[in-house]
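**Student:** Here's a sequence, model it:
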Amino acid sequence: MVHASNAHELDALLADLTDPQREAVCHTDGPLLVLAGAGCGKTRVITRRAAYLARTVTQPRNVLAITFTNKAASEMYERISALGVGAEMTISTFHSLCYRLLRIHHERAGLPDDFTVFDSADQRKVIQLAIARAQLSADNWSPARLQGVISNAKNAMVTATMFANEATDWSERTIAKVYESYEMVLAEQHGVDFDDLLLKLAFLLRDDEEFRRQLERRYTHVLIDEYQDTNSAQYLIAHLITEQNKNICATGDPDQSIYGWRGADIGNILRFEEDHEQAQVVRLERNYRSTKRILAAASSVIEHNVQRKDKTLWTENDAGSKVRVLITGDADEESDFIAKELAERRERGEDLSDVAVFYRLNSLSRSVEEALLQNGVAYQVARGVEFYNRKEIKDVLAYVRLLINVHDEVSLTRIINTPTRGIGKTTIDRIIAHARANGREMFEFVFQPQLVPTLKNAAIVKVTAFAELMGNLRKVTEESPSIALERIIRETGLQASLGGESNLDADPMENINELINAAAIFEKDRPEATLIDWMAHTSLLSDVDAMDDDTGRATLMTLHAAKGLEFPVVYMIGLESGLLPFEREPGDPTYNEEEERRLCFVGMTRAKQELTLAHAKYRMVRGISERKSKSPFIDELPGSDVEIVDRTGSGADSSRCGWLDDLPHDIAQWGPGTLVKNDDWGLGRIDWIRRNGAQVHLEVTFAKGSTKTLILPFADLERVDFDEVGEGAFDF
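**Tutor:** Residues are numbered from 1 along each chain as shown. From the prediction side, this is the model:
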């Protein structure tokens, strides 16, 4: 029932709004698209609009406000409640709304009344069961990859039956079998996954007209935040519950659509006016967050995209300092520069909680974390744990600790069945119980499992195999750290087990490769260092007790995690081709340059006062230094608003003249065309050799077909005279 409100209450809602904001708030009937630029007061508009609707044309209980994160929903609820109308209003995430409705209407949706929601770890276990039921091997069919394929299918509203019908080759038909088995196991266990919450409600709304009309009567006005992030199921839900009333308000920004890799469809917001012919469009273009120069730089980058809605961001804020482009020789110099600058900020009394460091991949945080620790700078990692506390890293370090100290039962119980080798909890419990009963340690019976009377023969065989593995690896503690880690990761099966567990936001093998990089860098200046030495070094770096909790902490996070946040000072690292924009390999079918540019734009527009964009000329990849070129997004910056800070000294691209005199005698005469050899890669020929600060880099093409960029003398190369090799050795 529509009710009247006094003019004073409405004036208070509208008093501090700009004309475009007031236009969006006061629109009450029909579809509305609010194109809200970064930092343009979108949340204020949504909350005021919800309150205005509840005080003018409908009741609070008839307003539905949907957003994407629980944090955003909580903030919205608090703001609307402060306006006096939030008590009966439905303010929720998409998933929470779907769960609530499916719980009430489970019979209509074909669900049991006791259904439970399986989280990601539960899903992985179910997929493993589905793989086995489909008579496939998890060694050949990565559960993580299949989980991603099934999730993407559900986000696109493709059921198992549809997937099977649309399969065009053997691989897709095999995945379809796993998908079908997965759905069967879920049903048997009365479970649904997170994607099912959306999919099942979308199908229920589509197929049950009575339910759809019931929901439309309840929610006469629907507000959807971050509309550019909706997938097919969310789009259908929004469309169906506003089918008759047409009172849908979508807010968002195509320039901030960064979740295409997990099913979001930017076309949903771009086509809004086609879907709703009578739609009114309001543009929020005044930015309240950033300085003029930061805004100009970000706008200059995003203007290169084609898939966007025209709008011009502007601000009345100060011009501010220029956007810095930091150029360093390598990732360590990049991290050291940032860490020292943050230490200086702290000494000046600045609050480091105002500072954020963004990166495209989680693995890039390792060198930054080490540099911050070495400089005594307190930090926190958002949406995750510190590098050395990530699961895959802890698994590797547990192997190292156990090899160094066989009495470490915590590490032993962690990795005895990691990766899975058939040693179950019952077996482990029986070994521990027998050791306890005899007053001895667990490791003794791991190396002599036949002495545990409660173990079956099959368990004894598996435990013996593990013991033999650890025995064979014992000598790696005396080897160089990077070589030892390579052996541990390969021979324990960790590399094989993690090879397929990746997505665009986080990759366990990328993190493990970064661990190898850390070991390689450590041993560069310590040629006699062993794995034991490196472990002692790493243990000290991982000790966060020295951090001063009384001061603010800098925040480290991925660019995806930064969405919706803001910081006075922002550093973005790794602005290099292949990293930002991110591309796994040339021709990567998932590569989307426009989405990568939007991600860069999101990161830049988080900054309020200062912005630094950093790129390194060389970056370590699995212990090998690779030449990197700057991100094309850097070339899209406006020169007048940018300051270049080049910390490379002579630079990796400087002339060879002069600097060769400083090289060690046995290297000083090397140059393009020199023949070299390496124990692993064989005979090679130097393509170029350059100095980069304190390091010497060279690119070598090997006869076996590979080309590698290396660091001397870290590269372990030996010069070869022409008369030492036979005829035909130069045919590469």
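**Student:** Could you use CA atoms for every contact and neighbour count after this?
**Tutor:** OK.
**Student:** by contact count, what packs against the helix ranked longest in the chain?
**Tutor:** Ranked by residue count and defined by DSSP state H, the top helix of the chain is helix 170-188. Under the contact definition 3 or more CA pairs under 8 Å, 6 or more residues apart in numbering; DSSP states H and E, helix 170-188 sits against helix 120-133, helix 160-166.
**Student:** Past the first one, which element shows up next along the chain?
**Tutor:** So that's helix 120-133. Under the assignment DSSP states H and E, the closest C-terminal helix or strand after helix 120-133 is helix 143-155.
**Student:** Between the helices and strands packed on helix 170-188, which one is closest to residue 412.
**Tutor:** The closest of the helices and strands packed on helix 170-188 to residue 412 is helix 120-133. By CA to CA, the value is 22.3 Å.
**Student:** looking at the protein, which helix or strand does the model trust least?
**Tutor:** helix 665-668 (a mean of 58; mean pLDDT, DSSP states H and E).
**Student:** what's the distance between the next helix or strand after that one and the middle of its chain?
**Tutor:** Note on helix 665-668: by DSSP H and E, the next helix or strand toward the C-terminus is strand 675-678. How far strand 675-678 lies from its chain's middle: 39 Å, per CA atoms, centre = their mean, to the nearest Å.
**Student:** Equivalent analysis for stretch 21-36, please.
**Tutor:** 34 Å.
**Student:** give me the number of residues near residue 244?
**Tutor:** 12 (other CA atoms under 10 Å).
**Student:** check contacts around it.
**Tutor:** Applying CA atoms under 8 Å, 6 or more residues apart in numbering to residue 244 gives the contacts residue 216.
**Student:** Secondary structure class of it, three-state.
**Tutor:** coil (DSSP: H, G, I helix; E, B strand; the rest coil).
**Student:** what's the burial count for residue 685?
**Tutor:** Residue 685 has 22 nearby residues by other CA under 10 Å.
**Student:** List the buried residues for the helix or strand that contains it?
**Tutor:** Element membership for residue 685 (DSSP H and E) is strand 682-692. Under the neighbour-count criterion of 16 or more other CA atoms under 10 Å, strand 682-692 has 683, 684, 685, 686, 687, 688, 689, 690, 691, 692 buried.
**Student:** give the contact list for the residue lying closest to the second one once chain neighbours are set aside.
**Tutor:** Okay, so that is residue 684. Nearest non-adjacent residue to residue 684, counting by CA to CA, 6 or more residues apart in numbering: residue 702, 3.9 Å away. Contact partners of residue 702, counting by CA under 8 Å, 6+ apart, are 681, 682, 683, 684, 685, 732.
**Student:** Compute the distance between residue 702 and residue 677, please.
**Tutor:** Here the criterion is CA to CA, to the nearest Å. By it, residue 702 lies 8 Å from residue 677.
**Student:** shared neighbours of these two, anything?
**Tutor:** 683, 684.
**Student:** and residue 134, what does it touch?
**Tutor:** Taking CA under 8 Å, 6+ apart, we find residue 134 in contact with 177, 178, 181.
**Student:** which one of those sits closest to residue 101?
**Tutor:** residue 181 (26.5 Å).
**Student:** What is the burial count for that closest one?
**Tutor:** Neighbour number of residue 181 under other CA under 10 Å is 21.
**Student:** does it really touch residue 126, like I thought?
**Tutor:** No. Residue 181 lies out of contact with residue 126 (CA atoms under 8 Å); the separation is 9.2 Å.
**Student:** The strand holding residue 685 pairs with which strands, parallel or anti?
**Tutor:** If you go by DSSP bridges, strand 682-692 pairs up with strand 675-678 (antiparallel), strand 695-702 (antiparallel).
**Student:** Give the buried residues for the longest one.
**Tutor:** Which is strand 695-702. Quick answer for strand 695-702 (16+ other CA under 10 Å): 696, 697, 698, 699, 700, 701, 702.
**Student:** I'd like the residues you listed as TSV, with distance to residue 349 and pLDDT appended.
**Tutor:** Below are the buried residues of strand 695-702 laid out as TSV (distance: CA to CA, whole Å; pLDDT from 0 to 100):
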residue	distance to residue 349	pLDDT
696	39	74
697	40	76
698	43	79
699	45	83
700	48	87
701	51	88
702	53	86
